[in-house]
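Participant: this is a predicted model, with the sequence first.
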Amino acid sequence: MPDLFAADEPAPTPRAIPAGAIPLAERLRPAALDEVIGQEHLTGANGAIGRMVAAGSLSSMILWGPPGTGKTSIARLLAAAVGMRYAAISAVFSGVADLKRMFAEAEGALALSGRRTLLFVDEIHRFNRAQQDGFLPYVEQGVVTLVGATTENPSFALNAALLSRAQVLILHRLSPEALAHLLARAEEAEGVPLPLTQPAREALIASADGDGRFLLGQAETLYNAQIPSPLDPGELGQFLQRRVAVYDKDRDGHYNLISALHKSVRGSDPQAALYYLARMLTAGEDPMFLLRRLVRMASEDIGLADPMALQQCLAAKDAYEFLGSPEGELAIAQACLYVASAPKSNAAYKGWKEAAASAKATGSLMPPANILNAPTKLMKDIGYGANYAYDHDAPDAFSGANYWPEGMAPQQFYRPVERGFEREILKRLEWWERKRRERSE
């Protein structure tokens with residue numbers, strides 16, 4: 001087997017953890033696939049995993065989903081369900097030496113017993129491109145069945161070659177019902193109910209943001225504190241740390257939310273737009289990034305349907321730079337609400353794209369000589385500026401002259417819509433077109 005890895009230090013061997021110190025989330029790991037909560041679309045009889053297990057044969061796969069949704073549990077249970085040897089590493093703690101050892105052990109197991117290995121790689125996106133390529137020969141030859149887990153979009157985080165050999169399965173955030181079921185399991189395991197009122201229980205579930213592991217960690221904190229009487233939502237908020245939203249400014253959370261914000265603005269839903277703006281600011285997004293995107297929206301999706309939209313966004317930038325956070329964020333919210341509620345038109349955006357394409361296609365066609373300046377005698381002698389029609393001298397300040405290059409027919413790039421201020425612009429263009437026809441008759 002080719003050696004595709006550079007030398008690296010082996011990961012340290014973890015120490016054994018006393019049984020009494022094992023976290024609640026670890027103790028409550030499901031013992032069978034049908035005990036996995038919230039991923040029935042995969043593990044059920046008609047799901048991709050359910051069908052593979054029923055057939056007794058697994059293909060390599062990438063489990064993509066948020067933290068605390070069962071990726072590790074599913075991988076472990078898959079091996080047991082089809083009788084495969086199970087091996088696991090984490091890209092966070094494992095180095096090249098660990099990978100080499102894993103592959104050598106898998107080859108040995110296959111040669112001695114004919115038993116294939118399910119290799120679970122947690123946080124697989126943290127391996128670099130060369131290391132990811134190193135999996136390929138072992139997967140292709142059947143030495144291992146690869147099950148990778150990632151919280152990042154595989155399209156960007158993983159090699160195309162690796163993706164072509166693995167099925168991407170998407171795990172969902174746990175629903176409130178699934179999280180409630182998980183809490184019930186915790187209470188059954190502990191033998192006592194959580195010290196919470198029903199509203200506080202609902203608040204605890206909401207704070208988990210779909211992450212089962214986080215929820216069980218919070219439940220364990222409550223149990224360890226031995227609280228004498230049930231807490232209400234206010235008391236719970238004071239007792240437990242507040243969960244920080246899952247958001248990486250250079251990864252999926254960033255791109256998903258800015259896409260949602262832009263499309264909410266384009267769809268004229270100021271309530272949703274304000275929500276996504278708040279999500280991003282609360283999670284620590286750079287306010288100047290958001291302001292730049294709002295300026296873009298003002299030009300791309302509104303344009304001349306409401307020329308004030310661009311001014312509102314630029315004024316919000318000035319206000320934010322003047323006030324700073326958090327006071328300046330109100331100006332950003334104001335600009336967001338303005339662009340979301342403004343009449344929409346992408347006529348300027350489309351017109352610009354068409355004009356740019358036409359300019360590229362037509363090369364260096366010269367404008368008509370009569371509209372060119374003639375600062376020298378030679379330029380005057382060859383006709384530059386000759387017979388130029390000064391529009392202010394014409395009736396209605398409109399000469400109707402041709403401004404297009406010779407050999408190029410007049411084009412229509414900008415087509416204003418019957419919305420907002422562009423309705424007025426459309427009337428002007430139609431008026432000028434009538435005048436142009438009259439001048440040519």
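Facilitator: Received, thanks.
Participant: OK, contacts around the closest residue to Arg129 other than its chain neighbours?
Facilitator: Of all residues not flanking Arg129 in the chain, Asn159 sits nearest, at 5.7 Å (C-beta to C-beta, 6 or more residues apart in numbering). In short, each C-beta sits where N, CA and C put it, glycine included. The contact partners of Asn159, taken as C-beta atoms under 8 Å, 6 or more residues apart in numbering, are Arg129, Gln132, Asp133.
Participant: which among these gets closest to Pro368?
Facilitator: Of all the contacts of Asn159, Pro368 sits closest to Arg129, with 54.8 Å by C-beta to C-beta.
Participant: ok, the closest one to Leu162 distance?
Facilitator: 9 Å (C-beta to C-beta, to the nearest Å).
Participant: same thing with Pro416?
Facilitator: 49 Å.
Participant: Arg129 and Leu162 - which one has more neighbours?
Facilitator: Just comparing Arg129 and Leu162: by other C-beta atoms under 10 Å the higher neighbour count belongs to Leu162, 22 against 11.
Participant: for the more buried one, which non-adjacent residue is closest in space?
Facilitator: Leaving aside its sequence neighbours, Leu162 sits nearest to Gln132 (C-beta to C-beta, 6+ apart; 5.1 Å).
Participant: residue contacts, that neighbour?
Facilitator: Contacts of Gln132 (C-beta under 8 Å, 6+ apart): Ile124, Leu158, Asn159, Ala161, Leu162.
Participant: and if you look at Arg116?
Facilitator: By C-beta under 8 Å, 6+ apart, the contact set of Arg116 is Met84, Arg85, Ala106, Ala109, Leu110, Gly142, Val143, Val144, Thr145.
Participant: and the contacts of Gln132, which is closest to Ser341?
Facilitator: Closest approach between the contacts of Gln132 and Ser341, by C-beta to C-beta: Leu158, at 40.6 Å.
Participant: can you pick the most crowded of the contacts of Arg116?
Facilitator: Using other C-beta under 10 Å as the neighbour criterion, Val144 leads the contacts of Arg116 with 26 neighbours.
Participant: what residue is smack in the middle of the chain?
Facilitator: Centroid-nearest residue in the chain, with C-alpha atoms, centre = their mean: Asn256, separated by 2.7 Å.
Participant: for that one, what are its contacts?
Facilitator: Asn256 touches nothing, counting by C-beta under 8 Å, 6+ apart.
Participant: any figure for the gap between it and Phe214?
Facilitator: Taking C-beta to C-beta, one finds Asn256 at 20 Å from Phe214.
Participant: secondary structure element for the residue nearest to Ile49 when sequence neighbours are not counted?
Facilitator: Counting by C-beta to C-beta, 6+ apart, Leu42 is the residue found nearest to Ile49 once chain neighbours are left out, at 4.7 Å. In this assignment (DSSP states H and E), Leu42 forms part of helix 40-43.
Participant: re the thing from before, narrow the contacts of Gln132 to those in helices?
Facilitator: Using DSSP state H, the members of the contacts of Gln132 that fall in helices are Ala161, Leu162.
Participant: contacting residues around Gly407?
Facilitator: The neighbours of Gly407, taking C-beta under 8 Å, 6+ apart as the test, are Leu365.
Participant: make sure it is indeed in a helix.
Facilitator: No: counting by DSSP: H, G, I helix; E, B strand; the rest coil, Gly407 is not part of a helix but coil.
Participant: measure it to Ala386 for me?
Facilitator: Look at Gly407 and Ala386: by C-beta to C-beta, they are 19 Å apart.
Participant: could you pull out the strands in the stretch 51-200 of the chain for me?
Facilitator: Taking DSSP state E, counting those that start in this stretch, the strands of the stretch 51-200 of the chain run over residues 61-64, 85-90, 117-122, 144-150, 167-170.
Participant: between the fourth one and strand 117-122, how many degrees?
Facilitator: Put plainly, it is strand 144-150. Orientation of strand 144-150 against strand 117-122 (axes from the mean of the first three to the mean of the last three C-alpha atoms, to 10 degrees) gives an angle of 20 degrees.
Participant: and the closest residue in space to Ala319 that isn't next to it in sequence, what element?
Facilitator: Closest residue to Ala319 apart from its sequence neighbours, by C-beta to C-beta, 6+ apart: Ala331 at 3.6 Å. When elements are assigned from DSSP H and E, Ala331 belongs to helix 329-341.
Participant: who are the packing partners of that helix?
Facilitator: helix 252-266, helix 270-282, helix 287-297, helix 308-323 (3 or more C-beta pairs under 8 Å, 6 or more residues apart in numbering; DSSP states H and E).
Participant: can you tell which of those helices is closest to Leu118?
Facilitator: Per C-beta to C-beta, nearest to Leu118 of those: helix 252-266, 26.3 Å.
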